[in-house]
Each structure stands twice: as structure tokens, then as C-alpha cells.
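[1] no FASTA, just this:
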Ligand SMILES: [Zn+2]
């Protein structure tokens, strides 16, 4: 089932779209959006958007090679496109991209576990949305149990590569869309479940607006699963730049601190604390959400050392979990549209 026509609307006025081979036009406001290899690019809805020179170069190289190349060849163009990219980094990216099946299956497992813990049941299992899908190669495994899916990302070049993957695997129930997660090109109440892995910390500004957009496109009773790295994590370095204790200094100093420690820009990343995460999730979805993190988990395998210790001294469980919760590495949340 291809759902392009059924589900996509103009992200500006939510009017219907007129599909042509290399562009879609809004039937209400007339806004036009380009289409590349069947991926519609809705980022232009923001006036300030313009693709970088690098993106245009890689995009054109991918499109020129698209018909005659395999998925893996396109991946190499995607990651090897620039001369300054070191060989080992290209290899690393390729290996990461080719582990899609296990990545997707793991996320599906995590979501089902949290869903079971929440005690809620999904009303339908029809349409799934994965926000921040990258190349989208893990989507078939993440959306297991659903009839059709949409993979959405801000990276057009990743999605062009992903289109080839879907064609090669003859997967016809997934649509790939390029758009801003704060301005989704979907009408209200279209999705039974939304997944957003490693996304919310990159939505800067507008993390709460992002949650509101997700709520808008969910059906009533639909579920939303996402993760969020903890600002006040004392156990591991900041996961994007691998610098310790970034979260403990004022936000306005973070850029300078990361640059001093690592010589790189911190840029548009905003990690949430457990308080902020609870506040914005509650403000948008109400209080019926479940938040968890890698505390001591009594459903972990019985061989787990922490679990064995706690089983002998049960009073430790409540104490340690209450103590570690605000400073653990990351959180997972499942929320439902009332
Ligand atoms: Zn429009």
C-alpha cells in the first residue's frame, strides 16, 4: 500500500497536493515543493530554508547514479562524497548503516516492552510514523505489526539512498518524506503510533512544539515512543561530542566549553533534564505517560549483577532508583493521545 496521496498535505495550509513527477503543488495556497526520486521535500515551507552547497553536490551525484547503482553504491556516494572524509569514518558509517535489521528489531523490542509496562493497548495497528528515520532502512523492522509506514527525516540525501533500499527489497508499504518535524505535512489524526529515536535533542528551538505536532497527527488513543539523553548525566560523556559534564554548565557557556575541550562546535543540540522532559511531555500529553531509564530493572535477566544484589537487599532498589534517576544516561518515554 502506497500512502503518498492519502496522507500527505501541504505543511503550510494543510491543503491537498497535486502530484507531478518532480514536484508537488498545494491545491489551496499554491506553494510548490520539489520531489527527488519520489521523495517530496517539504523543508521549503520555512522561509529561511535553503539547501547547503554540500547537500546539493551529494544530492545531484546520487540522482545521477540512482538508476544504475545499488543501495550500497549509493551509500558510498553519500558518505564518500567529500574528499576530506577520512577512510575509517566512511567505513564506520557504512557498517552503521548496514546494521539496519538489528537496529530496527531492537527499537521495536524496546517500544513493545515499554508499551507492555504502560498497561495500555493500541487501538489500531494500521499506520506507523518514524520521525528522524535517516535512510529509513530500519523502518521495516521498527514498524513490525503495522500495515504501512512513513519514514520522515530532515536529511534529503539520506532519504534518496533509502528509496533505493526500499526498491531493492521490494518494500512497497513505506513512504519516505523530507520535512521539518515541527511542521509535519500530515493532516490530523493519521497515525496509530509514532517513533522518534535520537530526535528531540536536535529540535532546537521548539521541543515542545515538536511534541504538539506529534500529538496532532496521532489518532485518539495512539502512542508515541521517544528517547531523550539526560542533560545531567554523570555516568558517560555527552553522546554527540563525547565531552563530560557539558550539561552541568549554563546553556550559554556550552558552546565555548565544548570548543575548548574538543575543538568542535556544539551547535544546535539541547539535552533535557528529567524535570524539563516531564514538564513538556505532561503539558502536551497529560499525565498518562510512562518515563523510564536505565535504572535497576527487575525485569532484566536474572544473571544481571545489579539485579542479584538488589534481590538480596530489596530496600536498595527504591533507594538506588530514586537516587540515580536524575543523573542517569538517558530516558525513554511512551505517551498516548487522550
Ligand atoms: Zn498550502
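    It's in. What you see is a predicted model; the values in this text were computed from it and never measured.
[2] tell me the pLDDT at the residue in the stretch 151-300 of the chain that the ion sits nearest to?
    Residue of the stretch 151-300 of the chain nearest the ion, by CB to the ion: residue 185 (9.7 Å). For glycine as for every other residue, the C-beta is placed from the backbone atoms N, C-alpha and C. pLDDT, residue 185: 96.
[3] surely it meets residue 15?
    No. If you go by CB atoms under 8 Å, residue 185 and residue 15 don't touch, sitting 10.7 Å apart.
[4] Spit out the residues that contact those two alike.
    Counting by CB atoms under 8 Å, 6 or more residues apart in numbering, the contacts common to residue 185 and residue 15 are residue 9.
[5] Number of residues surrounding the closest residue in space to residue 117 that isn't next to it in sequence?
    Among residues not flanking residue 117 along the chain, residue 290 sits closest, at 6.2 Å (CB to CB, 6 or more residues apart in numbering). Residue 290 has 17 neighbouring residues, counting by other CB atoms under 10 Å.
[6] do residue 58 as well
    Residue 58: 23 neighbours (other CB under 10 Å).
[7] Also residue 238?
    The burial count for residue 238: 22, using other CB under 10 Å.
[8] do you know how far it is from residue 205?
    19 Å (CB to CB, to the nearest Å).
[9] Over to residue 324?
    Computed as CB to CB, the residue 324 to residue 205 distance reads 30 Å.
[10] which one of these two has more residues nearby?
    residue 324 (16 against 10).
[11] just to confirm, which helix or strand has the nearest residue to residue 227 once chain neighbours are set aside in it?
    Leaving aside its chain neighbours, residue 227 sits nearest to residue 332 (4.9 Å; criterion: CB to CB, 6+ apart). Per DSSP states H and E, residue 332 falls inside strand 330-336.
[12] which neighbours does that strand have in its sheet, and in what orientation?
    Paired neighbours of strand 330-336 in the sheet (DSSP bridges): strand 218-229 (antiparallel), strand 290-292 (antiparallel).
[13] Next up, the contacts around residue 41.
    33-35, 156, 178-179.
[14] how about the residues of the chain that lie near the ion?
    10, 12-13, 15, 26, 28-29, 31 (CB under 5 Å from the ion).
[15] Just the buried residues of stretch 67-85, please?
    Buried residues in stretch 67-85, counted by 16 or more other CB atoms under 10 Å: 69, 71, 74-81.
[16] Farthest-apart pair in those, please.
    Maximum pairwise distance in these, criterion CB to CB, is 15.7 Å, between 71 and 81.
[17] So for the helix or strand hosting residue 152, mean pLDDT?
    When elements are assigned from DSSP H and E, residue 152 belongs to strand 148-153. Averaged over strand 148-153, pLDDT sits at 96.
[18] How about residues contacting it?
    Residues from elsewhere that reach strand 148-153 (CB under 8 Å, 6+ apart): 1, 3, 7, 126-134, 136, 139-140, 143, 159, 162, 173-179, 181, 184, 186, 191.
[19] For residue 185 and residue 15, indicate the residue with more neighbours.
    Shown here are residue 185 and residue 15; by other CB under 10 Å, residue 185 has more neighbours (25 against 15).
[20] Count the neighbours of the closest residue to that one other than its chain neighbours for me.
    Residue nearest to residue 185 in three dimensions, not counting chain neighbours: residue 11, with 4.1 Å by CB to CB, 6+ apart. Residues near residue 11, counting by other CB under 10 Å, number 23.
[21] Residue 11 reaches residue 182, doesn't it?
    No. In this structure, residue 11 is not within contact of residue 182 by CB under 8 Å, at 9.6 Å.
[22] show me the contacts for residue 71.
    Taking CB under 8 Å, 6+ apart, one finds 161, 164-165, 168 in contact with residue 71.
[23] Look up phi and psi at the residue nearest to residue 185.
    phi -70, psi -10 (degrees, to the nearest 10).
[24] pLDDT score assigned to it?
    Value for residue 11, per-residue pLDDT: 96.
[25] list the contacts for it?
    Neighbours of residue 11 in contact, by CB under 8 Å, 6+ apart: 42, 45, 179-180, 183-185.
[26] Out of these, which two sit at the greatest distance?
    45 and 184 (10.1 Å).
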